[in-house]
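Asker: With the sequence up front, the predicted model follows.
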Amino acid sequence: MKTLYTLVFVLSITIGAFAQGSKLNKADKKYDKYSYIDAIEIYEKVAEKGYKSVELFEKLGNAYYFNGELDKASKWYGELFALNQEVDSEYYFRYAQALKAEGNYEKSNQYMELFAQKTNDTRAKLFQENKNYLSDIDAVSGKYTMDKTDVNSEFFDYGPSFFGKQIVFTSSRSEGNQYSKIHDWTKQNFTDLFVASIDNEGKLGSVENFSKTVNTKYNESSPVFTKDGKTMYFTRNNYNDGKKRKSDDKVIMEKIYKAELVNGEWTNIKEVPFSNDNYKTAHPALSPDEKTMYFASDMPGSFGNSDLYKVSIDSNGKFGTPENLGPTINTEGRETFPFVDADNNLFFASDGHPGLGGLDIFEAKANGNSFEKPVNVGKPLNSPMDDFGYVTNKDGLGFFSSNRDEGSGFDDIYTFTVCTHTLSGLITDIDTKEILPNAKVILFDDKMNKISETISSDKGVYSFKIECNKKYYVRASKEEYETTEKSFGPVTKTGESKLDIELKRNIFPVEVGTDLAKILDVSIIYFDLDKWNIRPDAAEDLEKIIAVMNQYPNMTIDIRSHTDSRQTHKYNELLSDRRAKSTLEFIVKNGINRNRLTAKGYGETQLVNNCSNDVPCSEAEHQKNRRSEFIVLKM
């Protein structure tokens, strides 16, 4: 009997393993054909039976990850790492991204640390260099106000582009779709281009299929139009004139196509010459002068999954050779959906640069023929999910795409406005009310970092461009006047604000031998016991010393630093010298020429009270001796 039971038990395990293997083989075939939804259904049934393997959890996580469902991918990547087996370093990155979709940034950062230990690619370096990226993103957030649009469906809606007083966008909706051909990857229709009008308030009207000659039974997406409205570039699967072509490994790639508007019909549809059957070219964008096209591609020489490229377009419409935008922009991740605004600044989506999760939207300022380091545009445009497809017009109206949870479907189109504000004011004499031209006016952020500087006009007027939802400080100074500083903001709407500043003429005599600290009514600069660093309260008063020196450019001062009576004479002499030097370096760092300063430590030789070694004193009394003084040597 025992032998019979053993035989039945072994046979049941063998049959079960064979059944699981058969299901996995079926799922793998679906997975290899990008039929991720079908593959997920089978893989999850196998996993629910208790089957565990690195390959199973990798593919389950990937199937959700590649479909943009990062929060669901997180579960299976978590199961993968729970096996405690060796996996490719890329999975550390993907799990970190998926954890962000759940709002678990602390754990995400832990996996990015592990990712950085296992690889030296750009994404790891950017994380190591920007560990405070969440604080940096918060600091730039609030520039935009956003809202949902009325064109969204329960399907994919994304990739809007301005076309006169309309937008043309991508959708997999059933209504209005020409062919209703189902895509195995998404289980939705292949995408078509659709169009909606924009009213005077920026609202979108009813949706219609864009063009029967452009839309086919395969995917069309992400168009861009020339300003005259006669030429369109767009993305389509490798299909034209009723023929489809595949890559060497049997994949229908994405290509950029060009179409011309002739007698009200889009015609002469041809692929651009730099497209190729064996790699993707997609999501075209045009520079303001329409002499350069930007696009995404994984062509040979790319850094990552998709890079951004540019290519010249001459006056005859001929294309040059594509150029990679380089490592400042591109990473080993995804850089995609480029857009160039009226000032030639580049906006794009990336999951390689530090962000909130999935694809984030970044801005790279134009700098000649290149771009500066990309900056995350912040909340609310970016979220823990995929955010991409940023476009805006000269009026500050814009649209972007996102698959965030509060949407109507898989991807949705949102509208936004750029909140811009002008802060200006008049600089006058507080007593006589006369205008003060040529006053120096400096704009600081809420942490007193200098943002911009200007000179008041001959009518005493200054002006700054500021961002909404931020606090600022404005400092005005002029020779023979006391420096004055005012706070401003935050504002929440686009518009203009006034901040007039009145300056008071200096009425004190500044002569050789004057102690500036006394006539400015500031505290003597104090130090902590055995320390020579500049304390925050000292830094605030030093700013006033610096302001006076700016008003009197020929003034030179002597910094005299002191200690209390404790410790030895030699020790105190060295300590006071360090205090004098740290005070001098602070003033130099903030813009005063070193040649206008001298500094010396006097140890305990010039006590301001009787607190010697023989006289017991309180800590407050000792504090009065730990100081720096500022004596005018020359005017």
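Answerer: Yep, it's here.
Asker: buried residues in stretch 70-89?
Answerer: In terms of neighbour count (16 or more other Cβ atoms under 10 Å), stretch 70-89 has its buried residues at 70-81, 87. Heads up, the C-betas are built off the backbone N, CA and C, glycines and all.
Asker: Mind putting those residues into JSON lines with secondary structure, pLDDT and distance to Phe190?
Answerer: Below are the buried residues of stretch 70-89 laid out as JSON lines (DSSP: H, G, I helix; E, B strand; the rest coil; pLDDT from 0 to 100; distance: Cβ to Cβ, whole Å):
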{"residue": "Leu70", "secondary structure": "helix", "pLDDT": "92", "distance to Phe190": "24"}
{"residue": "Asp71", "secondary structure": "helix", "pLDDT": "91", "distance to Phe190": "26"}
{"residue": "Lys72", "secondary structure": "helix", "pLDDT": "93", "distance to Phe190": "23"}
{"residue": "Ala73", "secondary structure": "helix", "pLDDT": "94", "distance to Phe190": "24"}
{"residue": "Ser74", "secondary structure": "helix", "pLDDT": "94", "distance to Phe190": "29"}
{"residue": "Lys75", "secondary structure": "helix", "pLDDT": "95", "distance to Phe190": "29"}
{"residue": "Trp76", "secondary structure": "helix", "pLDDT": "95", "distance to Phe190": "27"}
{"residue": "Tyr77", "secondary structure": "helix", "pLDDT": "95", "distance to Phe190": "29"}
{"residue": "Gly78", "secondary structure": "helix", "pLDDT": "94", "distance to Phe190": "33"}
{"residue": "Glu79", "secondary structure": "helix", "pLDDT": "94", "distance to Phe190": "33"}
{"residue": "Leu80", "secondary structure": "helix", "pLDDT": "95", "distance to Phe190": "32"}
{"residue": "Phe81", "secondary structure": "helix", "pLDDT": "95", "distance to Phe190": "36"}
{"residue": "Val87", "secondary structure": "coil", "pLDDT": "94", "distance to Phe190": "34"}
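Asker: Quick check: of those, which lies closest to Phe399?
Answerer: Comparing the buried residues of stretch 70-89 against Phe399 with Cβ to Cβ places Leu70 closest, at 22.6 Å.
Asker: Show me which positions of stretch 289-298 end up buried.
Answerer: For stretch 289-298, using 16+ other Cβ under 10 Å, the buried residues are Thr292, Met293, Tyr294, Phe295, Ala296, Ser297, Asp298.
Asker: what separates it from the chain centre, distance-wise?
Answerer: Centroid separation for stretch 289-298 versus its chain: 21 Å, with Cα atoms, centre = their mean, to the nearest Å.
Asker: Grab the CA positions of it and hand them over as CSV.
Answerer: C-alpha atoms of stretch 289-298 as CSV (Å, rounded to 0.1, in the frame of the first residue of the first chain):
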residue,chain,number,x,y,z
ASP,A,289,11.5,78.2,-37.6
GLU,A,290,10.5,74.7,-38.9
LYS,A,291,14.1,74.1,-40.0
THR,A,292,14.7,71.3,-37.5
MET,A,293,12.7,68.2,-36.6
TYR,A,294,13.0,66.5,-33.2
PHE,A,295,11.9,62.9,-32.7
ALA,A,296,12.4,59.7,-30.7
SER,A,297,14.2,56.6,-31.9
ASP,A,298,16.1,53.5,-30.8
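Asker: which stretches of the stretch 501-635 of the chain form strands?
Answerer: With DSSP state E, counting those that start in this stretch as the criterion, the stretch 501-635 of the chain has strands at 501-503, 525-526, 556-561, 597-601, 627-634.
Asker: what would those strands look like in JSON lines with mean neighbour count?
Answerer: Compiled in JSON lines, the strands of the stretch 501-635 of the chain are given as follows (neighbours: other Cβ atoms under 10 Å):
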{"stretch": "strand 501-503", "mean neighbour count": "19"}
{"stretch": "strand 525-526", "mean neighbour count": "20"}
{"stretch": "strand 556-561", "mean neighbour count": "22"}
{"stretch": "strand 597-601", "mean neighbour count": "18"}
{"stretch": "strand 627-634", "mean neighbour count": "20"}
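Asker: Can you tell me the centre-most residue of this structure?
Answerer: For the chain, the residue nearest the mean C-alpha position is Asn376 (0.5 Å; Cα atoms, centre = their mean).
Asker: need the contact list for that one.
Answerer: Neighbour list for Asn376: Tyr133, Asp136, Ile137, Val140, His353, Pro354, Gly355, Leu356, Asp360, Ile361, Phe362, Asn382 [criterion: Cβ atoms under 8 Å, 6 or more residues apart in numbering].
Asker: how about a cut-off of 6 Å?
Answerer: Asn376 makes contacts with Ile137, Gly355, Asp360, Phe362, as judged by Cβ atoms under 6 Å, 6 or more residues apart in numbering.
Asker: cool, and Thr556?
Answerer: Contacts for Thr556 (Cβ under 6 Å, 6+ apart) come out as Arg596, Leu633, Lys634.
Asker: one more time with 7 Å, if that's ok
Answerer: By Cβ atoms under 7 Å, 6 or more residues apart in numbering, the residues touching Thr556 are Arg596, Leu597, Leu633, Lys634.
Asker: Let me know the pLDDT of the first one.
Answerer: Turning to Arg596, the model gives it a pLDDT of 92.
Asker: ok, it to Gln117 distance?
Answerer: According to Cβ to Cβ, to the nearest Å, Arg596 stands 50 Å off from Gln117.
Asker: Who has more neighbours out of those two?
Answerer: Between Arg596 and Gln117, Arg596 has the larger neighbour count (other Cβ atoms under 10 Å), namely 17 against 11.
Asker: For that one, give its distance to Tyr158.
Answerer: Distance from Arg596 to Tyr158, by Cβ to Cβ: 59 Å.
Asker: Alright, I will stop here.
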